[in-house]
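Q: Sequence first, then the predicted structure:
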2 protein chains.
Amino acid sequence: MNDAAPIPPTARRMAEEILRNAILTGELKPGQRLTERSLCELAGVGRTTVREAVRQLESEGLISTVPHRGPVVAVLSEGEARDLYELRAMLEGQAGRLCVLRGDESHAAALHAAVDQMERARQAGSMLGILEANAAFYAALNAGARNEALRQAMLGVQNRLAFFRFSSTRWPGRAERSVAELRAIAEAVTARDAAAAEAACIRHIEASAELALLVLAERARGADMVRRGRRNAMERA
Amino acid sequence: MNDAAPIPPTARRMAEEILRNAILTGELKPGQRLTERSLCELAGVGRTTVREAVRQLESEGLISTVPHRGPVVAVLSEGEARDLYELRAMLEGQAGRLCVLRGDESHAAALHAAVDQMERARQAGSMLGILEANAAFYAALNAGARNEALRQAMLGVQNRLAFFRFSSTRWPGRAERSVAELRAIAEAVTARDAAAAEAACIRHIEASAELALLVLAERARGADMVRRGRRNAMERA
DNA sequence: CGAGCATAAATTGTCTGTCAATCCTGTTGA
DNA sequence: TCAACAGGATTGACAGACAATTTATGCTCG
């Protein structure tokens, strides 16, 4: 399984990784302004290198840049979030379908294993465990679907929606329903029912989207209240 | 329709545009090695700027870079091309479906107009005209589908497959069938039949994929013959 | 003549410093 | 209260420098 190509880890790639993780984990919050200097410190590289890394993250949709104002951690409008969730539903639905058409029982087993893992993590209250299990689930789904381009597209969309992962898994009762939805996918794959798998994937994402948009609306109200107090509240770290 | 935000054209964006066009138009050929200096000359900017532009194109999939060896115009393996066409079929199928669900008769009219435009261009033998009409068709489809994220994803995939646009439109009889396929999409949209529109989109892409893979195989044979003659033929400009 | 290796040249990865253009902020003045 | 303006901070872009690494050259030896 190991790639025979030992890619030399350049400083740029490491910086990229550091910044990406900082955004995905929420260490850097949406709307936060990122001065080049602060990023240099954070990543431990020079300005040239940081700018290249920022360019990469920009085209992944994690950062938006306005010329002469510098990079900002991307903020999703409600419309953008809606579009992204819709796209995600399409992509994952197709992944589910392909997983049935091209996967075998080993993939179905991996899906069930991931669901079980998530259920255990949920009962243990381990949010990190839940996220890990989720990653395992999608790894299995994509392994079955056997389409690298689709996998990358899904990853990109998921990353852009990463902000909602935290608020979602914390929402009361959401994790439990989420497990049930994923189990429905796993069972459809086991049953080799492509249409059912596709539908189950779409249902799962639609449920996620519903919650995310709710969270977004609530957050917007909160931001409004803060904004009334002092301006540009989100831009200060 | 005009955006109220007049984005300042930075040198980087212009360089990006120049390089992207050079790749999309085939001026820079797949597999061709790109030294930083030559790109500086081509884009008329400094090395720092060119490197940032390359980073952008790299993450668009138009360029691949191996550390310490420099950027190369991306080459698609047969498997990658297959995956991308499959993904493209999914995306455009969904776009067609959404265009029916969310578009109105103005979008249907725009689709038909684009098809007519393409038919005229085809009869006039204008390849450029065909490509323009194609762009108009997709613009109309995406306007109807009303999903910016989907539009961007489609654009990215189409760009990565740009290499095949030329060989495809030249193939004897292909343009004619292509027009017929697109007309089928436009008619499905006019008839407000979402399933038919989706199916028509998928059929169109599958037909394109079939030809592209054929072209790819033929090209591979040709490259083999050249490679037997002298090594690294593709790497010399 | 060709294989193998040492050396030179070219190229990339990265940093630093510089300069103009632009944005942000606080102050001044009407 | 609001407009204009000046100063500082930040970005956009460039050139130059240097180490690390790849690629090309050329030499030796069998």
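A: Happy to help now that I have it.

Q: mind checking the SS state of A:P71?
A: The local conformation at A:P71, judged by DSSP: H, G, I helix; E, B strand; the rest coil, is strand.

Q: count of neighbours near A:D193?
A: A:D193 has 15 neighbours, counted by other Cβ atoms under 10 Å in any protein chain shown. C-beta coordinates here come from the backbone N, C-alpha and C atoms, glycine included.

Q: and it, how far is that from DNA strand D?
A: Noted for A:D193: a distance of 49 Å to DNA strand D, by Cβ to the nearest atom of the strand, to the nearest Å.

Q: I figured that residue was touching A:V100, is that so?
A: Yes: here A:D193 reaches A:V100: they are 6.6 Å apart, a contact under Cβ atoms under 8 Å.

Q: Show me where chain A has its strands.
A: Counting by DSSP state E, chain A has strands at residues A:63-66, A:70-73.

Q: what about those, which gets the closest to B:E78?
A: Evaluated over the strands of chain A, closeness to B:E78 peaks at strand A:63-66, with 34.3 Å, by Cβ to Cβ.

Q: re the thing from before, could you dump the strands of chain A into CSV with distance to DNA strand D, mean pLDDT and mean neighbour count added?
A: CSV is the format used below for the strands of chain A (distance: least, Cβ to the nearest atom of the strand, whole Å; pLDDT from 0 to 100; neighbours: other Cβ atoms under 10 Å in any protein chain shown):
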stretch, distance to DNA strand D, mean pLDDT, mean neighbour count
strand A:63-66, 6, 95, 16
strand A:70-73, 3, 96, 20
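
Q: Out of these, which is closest to A:R51?
A: Closest among these, using Cβ to Cβ: strand A:70-73, at 9.1 Å.

Q: distance between the closest one and the chain's centre?
A: 19 Å (Cα atoms, centre = their mean, to the nearest Å).

Q: wait, does the biggest helix by length in chain A contact DNA strand C?
A: What stands out as the longest helix in chain A, according to DSSP state H, is helix A:194-229. No: Helix A:194-229 stays clear of DNA strand C (Cβ under 7 Å from any atom of the strand), getting no nearer than 14.5 Å.

Q: For that helix, which residues meet the burial criterion?
A: By neighbour count on 16 or more other Cβ atoms under 10 Å in any protein chain shown, the buried set for helix A:194-229 is A:194, A:196-202, A:204-205, A:207-209, A:211-212, A:215-216.

Q: can you list the domain ranges for chain A.
A: Listed by automatic domain parsing, the domain ranges of chain A are A:9-73, A:78-221.

Q: picking up where we left off before, for the strands of chain A, give me a markdown table that also has distance to DNA strand C.
A: Output for the strands of chain A, formatted as a markdown table (distance: least, Cβ to the nearest atom of the strand, whole Å):
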| stretch | distance to DNA strand C |
| --- | --- |
| strand A:63-66 | 8 |
| strand A:70-73 | 9 |
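
Q: Give me the contact status of the longest helix of chain A with chain B.
A: No: using Cβ under 8 Å from any Cβ of the partner chain, helix A:194-229 stays clear of chain B, with a minimum separation of 10.8 Å.

Q: now stretch A:68-80, how far from the centre of its chain.
A: A distance of 16 Å separates the centroid of the chain from that of stretch A:68-80, by Cα atoms, centre = their mean.

Q: tell me how far the ends of that stretch are from each other?
A: Stretch A:68-80 has an end-to-end distance of 24 Å (Cα to Cα, to the nearest Å).
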